[in-house]
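Visitor: Predicted model follows, preceded by the sequence.
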Amino acid sequence: MLAEVISWLVTPCRLDHRRLGYLGAAISLWARGSRCRATWQPHEAKAHAAILAAADDLTQRRTCVVLGSGLLRDVPLKDLASRFESVLLVDVVHLWPARLRALRFKNVRLLELDLTGSTDFLLNRATGFADPLIRLRQDTSIDLVVSATCLTQLPLGPEAVIARRGRPTHWPADAGRRIVQAHLDGICRLPGRICLITDTEVITRNRAGEVTEREDLLEGLSLPPPDRTWQWTVAPFGEYAPDEELVHPVHAYLDFRRRH
Ligand SMILES: C[S@@+](CC[C@H](N)C(=O)[O-])C[C@H]1O[C@@H](n2cnc3c(N)ncnc32)[C@H](O)[C@@H]1O
């Protein structure tokens, strides 16, 4: 708890992003990741392997951009930093554990960016979504873009803001779906190869292994067949409920543009 309060105080994070709850959400995720370290490990190892496989046969390795880099749990930072001339880590919040890891590499930079482009819209300073990737699209040195398990998280921040503060004028009823679709379209318009790693749904299972609930995380959108797939136990028994565990199927695409 003390570590969470200190994080809140010392993390560099724009006031807008603090006001919209992104810092608080990142700190909660950090705490959950620490509690669930052992059950998350197989997912993280598979994500690392998929990202490195996507990088393996590139003819050039100049810049690698990681979207949703967060705490760098499912991102093999050391391997990417040694393979690429430069690595750009993009997230709405980078907590100190990720900042300290990034500081070890001279060729790793951080960018604080709201990948939904909804910050001004939610704060009633705009009447539509911004294009968050516009600056990156100009960077012709990008050889690999990794979307690192952030796609289904993107609608959650705005949904939480609307639940707390109400719906801004002109906010569309299908905003979640638009945000997910815009990320998929947006990454495909970036230079370089696109490696997409995303969870797709939440499966709730009881101790007998029976599925008691399924919830789509892709806002009704469907994805092409993945190159690799695995299950991520996001909440083992006792984390979310004593007799239920939450499992997220994960899809990995090593070259998403070719599939999209
Ligand atoms: C499941 S975590 C991904 C974890 C990360 N890849 C890692 O290895 O630790 C989802 C990430 O999406 C980020 N995120 C959520 N909403 C975002 C937004 N609007 N813009 C940018 N990043 C966002 C969160 O901060 C978090 O780091």
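Guide: Looks like it came in fine.
Visitor: Show me what residue of this protein gets nearest to the ligand.
Guide: Closest approach of the chain to the ligand (C-beta to the nearest ligand atom) occurs at residue 70, with a separation of 2.3 Å. Any C-beta I mention is one placed from the backbone N, CA and C, and that applies to glycine too.
Visitor: excluding its backbone neighbours, what's nearest that residue?
Guide: Nearest residue to residue 70, sequence neighbours excluded (C-beta to C-beta, 6 or more residues apart in numbering): residue 91, at 5.2 Å.
Visitor: Next, give phi and psi for that neighbour.
Guide: phi -160, psi 160 (degrees, to the nearest 10).
Visitor: Kindly state the beta-bridge partners for it.
Guide: residue 112 (DSSP bridges).
Visitor: Flag every residue of this protein that's near the ligand.
Guide: For the chain, the contact set with the ligand under C-beta under 6 Å from any ligand atom comprises 26, 29, 68-75, 91-93, 114-116, 148-150, 153-154, 157.
Visitor: go with 8 Å
Guide: 22, 25-26, 29, 33, 44, 47, 66-75, 90-93, 98, 113-116, 118, 132, 148-150, 153-154, 156-158, 199 (C-beta under 8 Å from any ligand atom).
Visitor: Which of those fall within strands?
Guide: Members of the residues of the chain next to the ligand lying in strands (criterion: DSSP state E): 66, 67, 90, 91, 148, 199.
Visitor: Is it correct that the first one is in contact with residue 84?
Guide: No: distance between residue 66 and residue 84: 10.3 Å, which falls outside the contact criterion (C-beta atoms under 8 Å).
Visitor: the more surrounded of those two?
Guide: residue 66 (27 against 23; other C-beta atoms under 10 Å).
Visitor: For the more buried one, which non-adjacent residue is spatially closest?
Guide: residue 146 (4.7 Å).
Visitor: Any figure for the gap between the one you found and residue 37?
Guide: For residue 146, the distance to residue 37 (C-beta to C-beta, to the nearest Å) stands at 22 Å.
Visitor: Next, the buried residues of the longest helix seen in the chain.
Guide: For the chain, the helix with the greatest residue count under DSSP state H is helix 37-56. Neighbour-count burial for helix 37-56, with 16 or more other C-beta atoms under 10 Å as criterion, is recorded at 39, 40, 43, 44, 46, 47, 48, 50, 51, 54, 55.
Visitor: what does stretch 207-226 give?
Guide: 217, 218, 219, 223, 226.
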